[in-house]
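A.B. asks: Here's a sequence, model it:
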Amino acid sequence: MTTGIERFEGTVMAVNSFLLHAPDGLLVVDGQLTVSDASALRDRIATIARPVAAVLVTHPHPDHYAGAAVAVGESVPIYATAAVDAVIRRDDTEKDAIVGSLMGREWPTRRRFPDHVLESGSSVRLAGADLTVEDLGPGESHADSVWKLGDDWFIGDVLCHGTHAYLADGEYEGWIATLAALSERAGPRTRLLPGHGVPAHRDALAGQREYVRTFVDAVAAALGLDPTDRAEAVMARMSGLVDDERLRFLTELSIEPVAQRMATPNGQDVPA
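C.D. replies: Numbers count the residues shown, from 1 in each chain. Have a look, this model is predicted:
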């Protein structure tokens, strides 16, 4: 039995890590983006004064793995599914060039990759807690996963509860399908621990699905506009959907990549 799950939210960027207080130590779910936030997470871990048994990574976006080495050091094992690990390794050089140039000294120059890779559906016992990990396929990122501990689901950015979201990977069709599937599988006691925003229950999945559909519809409707007018039109549709505007920039960054994807012959259709 665990003694609790603690949410740690970054301040440079509002991204969640979770500290799972397991019987035999701590588990850290996702590792922050910036040096400052990862250092603050490290300081919080130090005040708890329990050994960190592992870091669990939900998906391959850098705000969930880049700061792990700063937060926990070099020896704590990092777990992810094979799909998440593959995308991290494939894309990290590109993220280093793009995100690193934007963030300067806040970008961790030493970024650890997963060193314990699990297949989807695998179960693992860590610090006395029994977890199962499942691949969700492409959605918010190119490789989403969920870590389950009983009724507690660490769901990463598949759910951004009450906040704006990142859609620039262009996998919105898969994301909408995943949200629909999870809505059917989640029970009334399921607690969703999201990558951004506060924990929620299964009704939040429907709200996230509506957010993604609204964004996709708004971009499609604005394809004939120039980029400046398109951004204005899309964000006018999105602004009233959430209360927390801190991650608005993520949605703004997503408009042109999704518009370009839609404009190609193989662009995605929007599922019902």
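
A.B. asks: Phi, psi for E74 please.
C.D. replies: phi -100, psi -10 (degrees, to the nearest 10).

A.B. asks: and it, what is it in contact with?
C.D. replies: Residues in contact with E74 (C-beta atoms under 8 Å, 6 or more residues apart in numbering) are R112. All C-beta atoms are positioned from the backbone trio N, CA, C, and that covers glycine.

A.B. asks: now it: how far from P188?
C.D. replies: 42 Å (C-beta to C-beta, to the nearest Å).

A.B. asks: Q208 now?
C.D. replies: 18 Å.

A.B. asks: who has more neighbours, those two?
C.D. replies: Taking other C-beta atoms under 10 Å, Q208 and P188 do not tie; Q208 has more neighbours (28 against 8).

A.B. asks: now the helices for the chain?
C.D. replies: 35-48, 68-72, 82-103, 172-185, 203-221, 227-238, 248-263 (DSSP state H).

A.B. asks: Is it possible to get CSV of those helices that adds distance to S120?
C.D. replies: Formatted as CSV, these follow (distance: least, C-beta to C-beta, whole Å):
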stretch, distance to S120
helix 35-48, 27
helix 68-72, 21
helix 82-103, 7
helix 172-185, 13
helix 203-221, 20
helix 227-238, 32
helix 248-263, 26
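
A.B. asks: ranking those helices by burial, who's on top?
C.D. replies: helix 68-72 (a mean of 23; mean count of other C-beta atoms under 10 Å).

A.B. asks: mind checking how far it is from the chain centre?
C.D. replies: Put simply, helix 68-72 sits 17 Å off its chain's centre (C-alpha atoms, centre = their mean, to the nearest Å).

A.B. asks: Alpha carbons of it, in PDB - could you do that?
C.D. replies: Provided in PDB are the C-alpha atoms of helix 68-72 (Å, rounded to 0.1, in the frame of the first residue of the first chain):
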ATOM      1  CA  ALA A  68      15.400  13.900 -14.800                       C
ATOM      2  CA  ALA A  69      19.200  13.900 -14.400                       C
ATOM      3  CA  VAL A  70      19.100  17.200 -12.500                       C
ATOM      4  CA  ALA A  71      16.300  16.000 -10.300                       C
ATOM      5  CA  VAL A  72      17.500  12.500  -9.300                       C
END
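
A.B. asks: residues making contact with it?
C.D. replies: 17, 28, 31-32, 35, 38-39, 41-42, 45, 52, 55, 57, 78, 108, 110-112.

A.B. asks: Might you report the residue contacts of the residue located most distally from the centre of the chain?
C.D. replies: Each residue of the chain has a distance to the centre, and by C-alpha atoms, centre = their mean the biggest one is for G224: 31.0 Å. Under the criterion of C-beta under 8 Å, 6+ apart, G224 has no neighbours.

A.B. asks: Can you read off the pLDDT for it?
C.D. replies: Note on G224: pLDDT of 97.

A.B. asks: shift numbering so it begins at 398
C.D. replies: Yep, numbering from 398; the last one is G621 now.

A.B. asks: From A540, how far out is it?
C.D. replies: Taking C-beta to C-beta, one finds G621 at 33 Å from A540.

A.B. asks: that older thread, which stretch among the helices of the chain comes nearest H561?
C.D. replies: Closest to H561 of those is helix 645-660 (C-beta to C-beta; 4.4 Å).

A.B. asks: taking the mean pLDDT, what do you get for stretch 498-507?
C.D. replies: So the average pLDDT for stretch 498-507 ends up being 96.

A.B. asks: Residues contacting stretch 595-606, please?
C.D. replies: Counting by C-beta under 8 Å, 6+ apart, residues outside stretch 595-606 touching it are 404, 555-559, 562, 573, 576-577, 579-580, 583-585, 587-591.

A.B. asks: Brilliant, that's me finished.
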